[in-house]
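Engineer: Could you look at this predicted model? Sequence included:
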Amino acid sequence: MGIIILLFLSGLVSGSEVAFFSLNENDYEEFAANPSPATTKLIELKEYPRRLLATILIANNFINIAIVLISELLLTEIFQDGFFRSWASTLLTWIESLRGLDGNIPLENVTQLATVIRFTITIVGVTFLLVLFGEVAPKVYARMNRVQLAKLMARPVGIMLSLFAPISAVLVNGAAVIERQLESRSNDNSTVSQQDIDEAIDLTVQQEENGEDGQPQDVYILKRIVLFANATVRQIMRSRVDVVAVDQSIGYHELLEKVREHSYSRIPVFEDDFDKVRGILYVKDLLGYRYEAADFDWHGLIRQEILYVPENKKVSELLKQFQQEKMHMAIVVDEYGGTEGIVTLEDVMEEVIGDIQDEFDEGDEIVFNKVDDLNYEFDGKTLLNDVCRVLEMSTSTFDEVKGDAESLAGLVLEHVGKLPEPNQEIKVGEYTLKVLSVTPRRIEEVLVTLPESRLEVEER
């Protein structure tokens, strides 16, 4: 009975891991709208994902160890030593007969083999029970009933969170130290190799220019291809505040007006807010319905096939997925399932060959103003990669100081910690960032000042 109870507890704890980490932003919004002791606890646990995972793993390990120990005691109680010794003696006698020997088998050998047989049966049997009833079955159930199981386990896991706090703190802090060390080494290695590759490309092209037409664009594309493998979707996506999307509740004529205004070939359609994307509207599907009345039901034209990709997905992997799925647009989501923005096939291609201009593009997509050779004004939402391209710097220039920031405004916030005051200057490495314009919600314009040494290098 004790083993059955422990297996049930192991299944609950294992299933709760899947249930907790399968909850998305929509689930948490529903919890906030319909509060209860369980949902309030779930919202609280969401803020400590590392501690939550460590607590679940610790509890699961304690339960599994208890199952192994009790199984060993139970097996010893049911089967006396004589039972396993009889098995061992029979097995050794059979082996001796196969070898053509007919001697007395030492008691020590029989005892050792009996111990091995008992240990093997215990491990194989307990492992089977743990895998089937403590891991596989509970996790399958948890995937289908994540909300119900999460509510059920919210308070017990909350108690365990406090109970195992000292142990989980050691695990979380230790893992954080190891993670920082690995990231530091990885960044150092990638920076060195990237510099070596850039120098090799420059040297190779310079040598070939003596005999053939060496084009600067060739150098640019070669370097972009090298960076392409390490770029993530977050670096090239269009953030949700800049996405043109339509609410499925708008009228048909209002929809047509929005299509004419922005001239995009594909437009996401959402319900209530952009976290609930319901499909993609292909503008070409509207061509046969241009003269319909205002009450025309256009919802049947929405394509339900939506490609969701995480923000940390590699751009090279996204390109393969676009090819396999035969799609040109994907919705970028964060770790909680909330919509971060969109990314298109054109964004991926521009990461290699630079900006692609068509008949609907108005000027350069990167908004900036060159004040002089050392001062450039940028829109706050400009990606750091684009800033580096305009200033003709390595895209890894800000890697050591940017933290989680991907845009120029994000870099300022990373260093200030809050919305800065107008005309406030921030020193980032050897560069000076001056906030020219800021609203209560965002940084709109930033002046980037290059070091004077940059001008001296160019003059040489």
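Structural biologist: On my side now, so go ahead.
Engineer: Contacts only, for the residue nearest the centre of the chain.
Structural biologist: When Cα atoms, centre = their mean is applied to the chain, the residue found nearest the centroid is Asn312 (4.5 Å). Taking Cβ atoms under 8 Å, 6 or more residues apart in numbering, we find Asn312 in contact with Thr232, Val233, Arg234. Where C-beta positions appear, they are placed from N, C-alpha and C, glycine not excepted.
Engineer: so what's the backbone phi/psi at the residue nearest to the first one when sequence neighbours are not counted?
Structural biologist: Right, the one you point to is Thr232. Closest residue to Thr232 apart from its sequence neighbours, by Cβ to Cβ, 6 or more residues apart in numbering: Asn312 at 5.4 Å. As for Asn312, its main-chain torsions (degrees, to the nearest 10) stand at phi -90, psi 10.
Engineer: what's the answer for the one 4 residues further on, then?
Structural biologist: In terms of degrees, to the nearest 10, the main-chain angles of Ser316 are phi -60, psi -40.
Engineer: Could you do the one 5 residues further on as well?
Structural biologist: Per-residue torsions, Gln321: phi -70, psi -40 (degrees, to the nearest 10).
Engineer: Could you do His328 as well?
Structural biologist: phi -120, psi -10.
Engineer: ditto for the one 4 residues further on
Structural biologist: Summarising the backbone geometry of Val332 under the convention degrees, to the nearest 10, its torsions are phi -90, psi 130.
Engineer: ditto for Leu433
Structural biologist: phi -110, psi 120.
Engineer: Could you find the closest non-adjacent residue to it?
Structural biologist: Leaving aside its chain neighbours, Leu433 sits nearest to Ile426 (4.7 Å; criterion: Cβ to Cβ, 6+ apart).
Engineer: What's the separation between the one you found and Ile366?
Structural biologist: Noted for Ile426: a distance of 21 Å to Ile366, by Cβ to Cβ, to the nearest Å.
Engineer: and if you look at Ser437?
Structural biologist: Using Cβ to Cβ, we find Ser437 at a distance of 17 Å from Ile366.
Engineer: Does anything pack onto the host helix or strand of Ser162? Which helices or strands?
Structural biologist: Using DSSP states H and E, Ser162 sits within helix 146-163. Counting contacts by 3 or more Cβ pairs under 8 Å, 6 or more residues apart in numbering; DSSP states H and E, helix 146-163 is packed against helix 2-22, helix 37-45, helix 49-78.
Engineer: tell me the average confidence for it?
Structural biologist: Confidence for helix 146-163, expressed as mean pLDDT, is 89.
Engineer: Please list the residues outside it that contact it.
Structural biologist: The contact list for helix 146-163, computed with Cβ under 8 Å, 6+ apart, reads 12-13, 15-16, 18-20, 22-23, 27, 36-39, 41-42, 44-45, 48, 51-52, 55-56, 58-59, 141-142, 168.
Engineer: rerun that using 6 Å as the cut-off
Structural biologist: With Cβ atoms under 6 Å, 6 or more residues apart in numbering as the test, helix 146-163 has contacts from Gly15, Ser16, Ala19, Phe20, Ser22, Ala38, Lys41, Leu42, Thr55, Ala59, Ala142.
Engineer: so which of those would you say is closest to Glu392?
Structural biologist: Nearest to Glu392 among the contacts of helix 146-163: Ser22, at 45.3 Å, using Cβ to Cβ.
Engineer: For the closest one, give its distance to Phe274.
Structural biologist: Distance from Ser22 to Phe274, by Cβ to Cβ: 22 Å.
Engineer: what's the answer for Trp87, then?
Structural biologist: To Phe274, Trp87 is 67 Å away according to Cβ to Cβ.
Engineer: and if you look at Ser239?
Structural biologist: Ser239 sits 11 Å away from Phe274, going by Cβ to Cβ.
Engineer: The two: who's more crowded?
Structural biologist: Just comparing Ser239 and Phe274: by other Cβ atoms under 10 Å the higher neighbour count belongs to Phe274, 19 against 15.
Engineer: Make sure the more buried one is actually in contact with Thr339.
Structural biologist: Yes. Phe274 lies in contact with Thr339 (Cβ atoms under 6 Å); the separation is 5.0 Å.
Engineer: overlap in contacts of those two?
Structural biologist: Jointly contacting Phe274 and Thr339 under the rule Cβ under 6 Å, 6+ apart are Arg240.
Engineer: which stretches of the stretch 101-250 of the chain have low pLDDT?
Structural biologist: 101-110, 183-229 (pLDDT under 70).
Engineer: Show residues contacting the longest strand belonging to the chain.
Structural biologist: Longest among the strand segments of the chain by residue count, using DSSP state E, is strand 273-282. Contact with strand 273-282 is made by 25, 240, 245, 248, 266-271, 302-304, 331, 338-339, as judged by Cβ under 6 Å, 6+ apart.
Engineer: which of the residues you listed lies closest to Ser316?
Structural biologist: Within these, the smallest distance to Ser316 is 19.2 Å, found for Ile331 (Cβ to Cβ).
Engineer: okay, the closest one: pLDDT?
Structural biologist: pLDDT, Ile331: 93.
Engineer: if I look at it, how far off is Gly341?
Structural biologist: Note on Ile331: its distance to Gly341, by Cβ to Cβ, is 8 Å.
Engineer: Could you do Gln112 as well?
Structural biologist: Relative to Gly341, Gln112 is positioned 65 Å away (criterion: Cβ to Cβ).
Engineer: With neighbour numbers in mind, choose between the two.
Structural biologist: Shown here are Gln112 and Gly341; by other Cβ under 10 Å, Gly341 has more neighbours (21 against 12).
Engineer: Name the helix or strand for that one, please.
Structural biologist: Short version, using DSSP H and E: Gly341 is in strand 339-344.
Engineer: Might you calculate how far that strand sits from the centre of the chain?
Structural biologist: Centre-to-centre, strand 339-344 and its host chain are 14 Å apart (Cα atoms, centre = their mean, to the nearest Å).
Engineer: What strands flank it, and is each parallel or antiparallel?
Structural biologist: Using DSSP bridges, strand 339-344 pairs in its sheet with strand 238-239 (antiparallel), strand 329-333 (antiparallel).
Engineer: okay, the angle between it and strand 273-282?
Structural biologist: Inter-element angle recorded for strand 339-344 and strand 273-282: 20 degrees (by axes from the mean of the first three to the mean of the last three Cα atoms, to 10 degrees).
Engineer: Number the residues from 18 up from this point.
Structural biologist: With the count now opening at 18, the last piece we talked about shows up as strand 356-361.
Engineer: pull the CA atoms of strand 356-361 into PDB?
Structural biologist: As requested, the backbone C-alpha atoms of strand 356-361 are provided in PDB (Å, rounded to 0.1, in the frame of the first residue of the first chain):
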ATOM      1  CA  THR A 356       2.500  37.500 -28.900                       C
ATOM      2  CA  GLU A 357       5.800  39.300 -29.300                       C
ATOM      3  CA  GLY A 358       5.400  40.300 -32.900                       C
ATOM      4  CA  ILE A 359       5.700  38.800 -36.400                       C
ATOM      5  CA  VAL A 360       8.600  37.700 -38.700                       C
ATOM      6  CA  THR A 361       8.400  37.300 -42.400                       C
END
